[in-house]
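>>> Take this sequence and fold it.
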Amino acid sequence: QVQLVESGGRLVQAGDSLRLSCAASGRGFSTLTMAWFRQAPGKERQFVAAISWNGGSTSILDSVKERFTVSRDNAKNTLYLQMDSLEPEDTAVYYCASHRRNYAYGQPARSAEYGSWGQGTQVTVSS
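Numbering: from 1, shown residues only. The predicted structure follows:
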């Protein structure tokens with residue numbers, strides 16, 4: 001089981017870039033698929049991106065695929081989300097999550113696959 005803490009969210013203007021980080025503590029980070037989800041006010045939680053335990057596979061929401069990049073550094077137990085050309089529609093609380101099972105990728109966009117979640121970091125994009 002890992003514990004997750006997101007950081008990097010803040011108020012930015014449309015067109016700006018932002019990098020979110022998710023620091024993991026505990027055992028097993030390098031064996032777990034990791035993901036980013038977001039939740040905007042009044043909306044359901046939405047999958048954003050996922051990356052397999054070794055970085056060999058990634059999945060990204062179609063609507064952000066040209067602007068967002070997911071990566072990880074297993075030596076630092078850290079997950080990243082690089083967000084470029086931000087739009088007001090990207091405003092949300094962003095959460096990182098770790099998969100329930102080691103060395104599993106499965107259906108990475110399915111929130112039920114993930115067992116540990118961070119507390120979230122707020123990203124606000126002004127127009």
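>>> how about the strands in this protein?
Secondary structure of the chain by DSSP state E: the strands cover 2-7, 11-13, 18-26, 34-39, 46-51, 58-60, 68-73, 78-83, 92-99, 114-117, 121-126.
>>> Rebuild the ones you listed as a markdown table, extending it with distance to residue 106.
(Glycine included, C-beta is placed from N, CA and C.) A markdown table is the format used below for those (distance: least, C-beta to C-beta, whole Å):
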| stretch | distance to residue 106 |
| --- | --- |
| strand 2-7 | 18 |
| strand 11-13 | 33 |
| strand 18-26 | 20 |
| strand 34-39 | 11 |
| strand 46-51 | 10 |
| strand 58-60 | 11 |
| strand 68-73 | 16 |
| strand 78-83 | 18 |
| strand 92-99 | 8 |
| strand 114-117 | 11 |
| strand 121-126 | 26 |
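>>> Output these in TSV; the columns should cover mean neighbour count.
TSV is the format used below for the strands of the chain (neighbours: other C-beta atoms under 10 Å):
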stretch	mean neighbour count
strand 2-7	18
strand 11-13	13
strand 18-26	18
strand 34-39	24
strand 46-51	23
strand 58-60	19
strand 68-73	18
strand 78-83	22
strand 92-99	24
strand 114-117	18
strand 121-126	17
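>>> Just put those in TSV and tack on distance to residue 107 and mean pLDDT.
Converted to TSV, the strands of the chain look like this (distance: least, C-beta to C-beta, whole Å; pLDDT from 0 to 100):
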stretch	distance to residue 107	mean pLDDT
strand 2-7	20	97
strand 11-13	31	98
strand 18-26	20	97
strand 34-39	11	98
strand 46-51	9	98
strand 58-60	9	98
strand 68-73	16	98
strand 78-83	19	98
strand 92-99	10	98
strand 114-117	11	96
strand 121-126	25	98
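>>> With adjacent residues omitted, what lies nearest to the residue most central in space within the chain?
When the chain is reduced to its mean C-alpha position, the closest residue under C-alpha atoms, centre = their mean turns out to be residue 36, at 2.1 Å. Nearest residue to residue 36, sequence neighbours excluded (C-beta to C-beta, 6 or more residues apart in numbering): residue 48, at 4.3 Å.
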